[in-house]
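J.: Sequence and predicted structure, then a few things I'm wondering about:
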Amino acid sequence: MALATTENTITTSDRADGARDRRFGPAMALSCRECGARYDLGPSFACNECFGPLEIAYDFGRVTRERIAEGPTNIWRYRSLLPVPEDVASKPNMAPGWTKLVNAGNLARELGIRSLHVKDDSGNPTHSFKDRVVAIAVEAARNFGFHTLSCSSTGNLAGAVTAAAARAGLDACVFIPSDLEQAKIVMASVYGGRLIGIEGTYDDVNRFCSELIGDELGDQWGFVNVNLRPYYAEGSKTLAYEIAEQLGWRIPDQIVIPVASGSQLTKIDKGFKELIALGLVEDRPYKIFAAQAEGCSPVSAAYKAGHDVIRPVKPDTIAKSLAIGNPADGPYVLDIARRTGGAVEDVTDAEIVDAIRLLARTEGIFAETAGGVVVGVLRKLVASGTLDPDAETVVLNTGDGLKTLDAVAAEARPTAVIRPSLDAFRAAIA
């Protein structure tokens, strides 16, 4: 049922003004990003009026830095800014977040940047940022009474869902392209549940899941990135919150973010805007840069051509976690990059591999291919003068390189193989 709204007040014919479902904390409604229509909180993801995407609308009340600092060292320290109940930290969940913000001085000197940090989300429970979004989706699934957690995935999400379902005592059934990296297939299957490989690209998998959700079987399932997407996507805001808090409650001048569906980038921007609106950080300009792999760069292509519409592509890149040829949030990524004065750029597979090795060599961070995309784009943006080398910069590493070993395996070999003797060793290193 659509709701009549006035700013932070929600009025319905069967609910008192300002009434709130405490299971969802400060969340008040679902709001269409396109036309602004509002709906009761429920497992919905598209507007009935214009078919636009739905997202969470809030009435936050008073939030302070002190209250946040009193919380646990995970994403639940921000529970007053998320669609979760106050007691969420006491429930069985993976408790992701509060990952390291690494002062990347060595990489900064190599690239000629004054101030550079890497937000390293490989430290999450299943070694990718997907643990953040899934943690919020699990709470929504519990609230709506779903017994099975599901998703379409390029790999990292599948592992995060099966692990979170195991911890929460839910069943899991996840869907992936059948040709994913073996490490991601192993991780998604080891936690139990069902892992279904689909012949085709991620876009084929996603279309299948959209059909399944309307089926009698799928109707009782919580698809984290379909019918639970408005809740799930809010988990990415916690990256913005953590970066700002870890920098001493300020937003960086510029940030480089990888783009698959584009949801992570749009929600980081939303998180920054919320912090400003709540008075938790200074209201100052910031630039957002989007990074894609050349073999799947529909958003970058549209940006460079000056278009507002994303033309779908067939992915062909080693960066499989970013291989979404028809990104749902692509147009919003374009809008944010242009509005903030950022840009959208892409790099080749060879540049991705070189960037993975560069980050590992300079900072001891072994990134998966998506991290290589970000560092490769960062280097390209600095070289072209598009990114200001004197401004405070943050880049994201969203996953662990152990998941994408094949990308660098050809160049990873012993420096030498020798007999166990000093003479042989001296000859080898001479």
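T.: Received the coordinates, thanks.

J.: Tell me the spacing between the residue nearest the centre of the chain and Glu49.
T.: In the chain, the residue lying closest to the centroid (Cα atoms, centre = their mean) is Gln264, at 4.0 Å. In this view, Gln264 and Glu49 are 27 Å apart by Cβ to Cβ, to the nearest Å. Where C-beta positions appear, they are placed from N, C-alpha and C, glycine not excepted.

J.: next one: Asp269
T.: Distance, Asp269 to Glu49, by Cβ to Cβ: 24 Å.

J.: what ranges of the protein fall below the confidence cut-off?
T.: Scanning the chain for pLDDT under 70 picks out the ranges 1-20, 216-219.

J.: what does the domain assignment say about it?
T.: Annotated domains of the chain cover 2-58, 101-127+234-409, 130-232 [automatic domain parsing].

J.: Minimum distance to Ala69: which of the ones you listed has it?
T.: Between Ala69 and the domains of the chain, the tightest spacing by Cβ to Cβ is seen for domain 101-127+234-409, at 8.1 Å.

J.: how long is that closest one end to end?
T.: Domain 101-127+234-409 has an end-to-end distance of 27 Å (Cα to Cα, to the nearest Å).

J.: How about stretch 117-126?
T.: 22 Å.

J.: right, and the secondary structure at Leu149 would be what?
T.: Assigned with DSSP: H, G, I helix; E, B strand; the rest coil, Leu149 falls in the strand class.

J.: Report the contact partners of it.
T.: 137-138, 141, 161, 164-165, 168, 170-173, 221-222, 224 (Cβ atoms under 8 Å, 6 or more residues apart in numbering).

J.: Which of these fall in helices?
T.: Using DSSP state H, 137-138, 141, 161, 164-165, 168 are the members of these that sit in helices.

J.: will you turn those into JSON lines that also has neighbour count and distance to Asp390?
T.: Below are these laid out as JSON lines (neighbours: other Cβ atoms under 10 Å; distance: Cβ to Cβ, whole Å):
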{"residue": "Ala137", "neighbour count": "30", "distance to Asp390": "40"}
{"residue": "Val138", "neighbour count": "30", "distance to Asp390": "42"}
{"residue": "Ala141", "neighbour count": "28", "distance to Asp390": "46"}
{"residue": "Val161", "neighbour count": "33", "distance to Asp390": "41"}
{"residue": "Ala164", "neighbour count": "28", "distance to Asp390": "41"}
{"residue": "Ala165", "neighbour count": "26", "distance to Asp390": "46"}
{"residue": "Ala168", "neighbour count": "19", "distance to Asp390": "46"}
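
J.: Next, format the residues you listed as JSON lines and append distance to Tyr39.
T.: Shown next, in JSON lines, are those (distance: Cβ to Cβ, whole Å):
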{"residue": "Ala137", "distance to Tyr39": "18"}
{"residue": "Val138", "distance to Tyr39": "22"}
{"residue": "Ala141", "distance to Tyr39": "18"}
{"residue": "Val161", "distance to Tyr39": "25"}
{"residue": "Ala164", "distance to Tyr39": "26"}
{"residue": "Ala165", "distance to Tyr39": "27"}
{"residue": "Ala168", "distance to Tyr39": "26"}
